[in-house]
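[1] Got a sequence here, can you build the structure:
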Amino acid sequence: MRNTDLAYIAGIIDGEGCIRFTSNRNRDGTRRYYSLVEITMTKEFICQWLHFAFGGYFYSKKIPEGKNWAPQWRWYAKRQDARNFLKAIYPFLRIKRAQAEIAIKLEESRIYHQRLRPMDFALQGAQEILMKELNKRGAQHEHQSSPNTG
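    This next block holds a predicted model:
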């Protein structure tokens, strides 16, 4: 993919996208975390393009009855797909660069199909708290780079 395409996609993620952690519970009650990147928009083509280029999942969201809204489309990726996607657009991100860095590090350190140690759970919990802080409305991002510093 060309750099101009990656920069365009990074702009969409900076403006419309979401980078966060989600978790589900293991049988023993502990939580297992993974990264998730997603975008919901009214442009079906963009979501299909992301799905084709990076994998992940693509579908239409239902519109509440009686609403005069345009159809919404959603694309999302998790785990390794999210990591690969974020690594590709990372050099072009401005607003969500810190979230992408945390998500990439989490997925690169992940050992799938192995039981995690308590220290690993603690580290993932700390990363989740940091991600939530970065995703709060109006949060100031110290790691944000200016357009001239990449």
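[2] For the residue nearest to residue 53 when sequence neighbours are not counted, the count of nearby residues, please.
    Counting by Cβ to Cβ, 6 or more residues apart in numbering, residue 53 lies nearest to residue 1, which is 6.3 Å off, once chain neighbours are set aside. (C-beta placed from N, C-alpha, C; glycine too.) Neighbourhood size, residue 1 [other Cβ atoms under 10 Å]: 11.
[3] Can you give me the distance of residue 1 to residue 89?
    Computed as Cβ to Cβ, to the nearest Å, the residue 1 to residue 89 distance reads 10 Å.
[4] do the same with residue 71
    For residue 71, the distance to residue 89 - Cβ to Cβ - is 25 Å.
[5] what about those two, which has more around it?
    The neighbour count for residue 71 versus residue 89, taken as other Cβ under 10 Å, is higher for residue 89 (25 against 10).
[6] so where does that one fall, helix or strand?
    According to DSSP states H and E, residue 89 maps onto helix 79-89.
[7] Nearest residue to residue 14 in space, please, no chain neighbours.
    residue 95 (4.2 Å).
[8] burial measure for that neighbour, as a count.
    Residue 95: 17 neighbours (other Cβ under 10 Å).
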